[in-house]
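K.L.:
The amino acid sequence is not available; the structure is as follows:
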């Protein structure tokens, strides 16, 4: 009777002598314990028919939208996304290197498919026109749940004042590549309906426009006039109860910085 272990040992010795097998050297760093592991991205929050603030930035924050034709391509793709996916778009602001959107989450399904379509088709259009390849957008878009009423108005104000913060215009209603003119001036925009928080400002359209124009005015609080990182880094912005319900457990329960004129408009 022949033992299997002996045959394996002899075979391994013959193969090693013939040079077919090289001994594996265990280096010290290979045996060191792993201190940190890459974690997957946190899943998007989902609340049917809730308001979401979405931001998409160009790769390396390059200024990819420079001409009226460039901005027109982005707006046209937004129109296609709304049409093909029956999506509710409340507001938008297209800057030279990023895009802000205020959307309503669908009752069934998620925003993943329409947003993927918008980013893919926009990148494809610009690559085709400029004969280039590679990444066009920096990463997947960021999405933040927004509580309606006071915080919904603050989100609209944040979107519409982006061109003012960038020094492009002094009056946000004059910026041609945002929806501000529809809210502040009553300029027809078939691409979007009004946000419910805006409709709650007044029963008559002129009253809503006057109130919203007052909200767009510079605030005495400098934090309300500058860039509020919570709109682009938080997973949920709203009251303490809203953030506790939808926000990440590790997220600090902080309210968004809003101008004083916003405080008394919540229902």
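P.N.:
Yep, it's here. Keep in mind the model is a prediction, meaning the values are calculated, not measured.
K.L.:
Do you know the pLDDT at residue 260?
P.N.:
Here the pLDDT value assigned to residue 260 is 54.
K.L.:
same thing with residue 80?
P.N.:
Looking at residue 80, its pLDDT reads 95.
K.L.:
For the closest residue to residue 174 other than its chain neighbours, give its distance to residue 160.
P.N.:
Among residues not flanking residue 174 along the chain, residue 181 sits closest, at 7.7 Å (C-beta to C-beta, 6 or more residues apart in numbering). For the C-beta atoms, the positions are set from N, CA and C on the backbone; glycine is no exception. For residue 181, the distance to residue 160 (C-beta to C-beta, to the nearest Å) stands at 9 Å.
K.L.:
and for these two, which residues touch both?
P.N.:
Common neighbours of residue 181 and residue 160, counting by C-beta atoms under 8 Å, 6 or more residues apart in numbering, are 173, 175.
K.L.:
ok, the two, which is more surrounded?
P.N.:
Taking other C-beta atoms under 10 Å, residue 181 and residue 160 do not tie; residue 160 has more neighbours (24 against 18).
K.L.:
Report the contact partners of the more buried one.
P.N.:
Contacts of residue 160 by C-beta under 8 Å, 6+ apart are 91, 93, 172-173, 175, 178-180, 183-184, 216.
K.L.:
quick one: which of these has the most company?
P.N.:
residue 180 (31 neighbours).
K.L.:
Tell me if I'm right that that residue and residue 164 touch.
P.N.:
No. The criterion here is C-beta atoms under 8 Å, and residue 180 misses it with residue 164 at 9.8 Å.
K.L.:
tell me, what's touching these two both at once?
P.N.:
Among the neighbours of residue 180, those also in contact with residue 164 (C-beta under 8 Å, 6+ apart) are residue 172.
K.L.:
Now residue 191. Nearest residue, chain neighbours left out?
P.N.:
residue 79 is the one closest to residue 191 (C-beta to C-beta, 6+ apart), at 5.7 Å.
K.L.:
quick one on the thing from earlier: any idea how far whichever helix or strand the residue nearest to residue 174 is part of is from the chain center?
P.N.:
Element membership for residue 181 (DSSP states H and E) is helix 180-184. Centre-to-centre, helix 180-184 and its host chain are 22 Å apart (C-alpha atoms, centre = their mean, to the nearest Å).
K.L.:
Pull out the buried positions in the next helix or strand along the chain from that helix.
P.N.:
Next helix or strand after helix 180-184 toward the C-terminus (DSSP H and E): helix 196-199. Across helix 196-199, burial judged by 16 or more other C-beta atoms under 10 Å covers 197-198.
K.L.:
Would you indicate which residues of the helix or strand following helix 196-199 are buried?
P.N.:
Next helix or strand after helix 196-199 toward the C-terminus (DSSP H and E): helix 205-216. Buried positions in helix 205-216, judged by neighbour count with 16+ other C-beta under 10 Å: 208-209, 212-213, 215-216.
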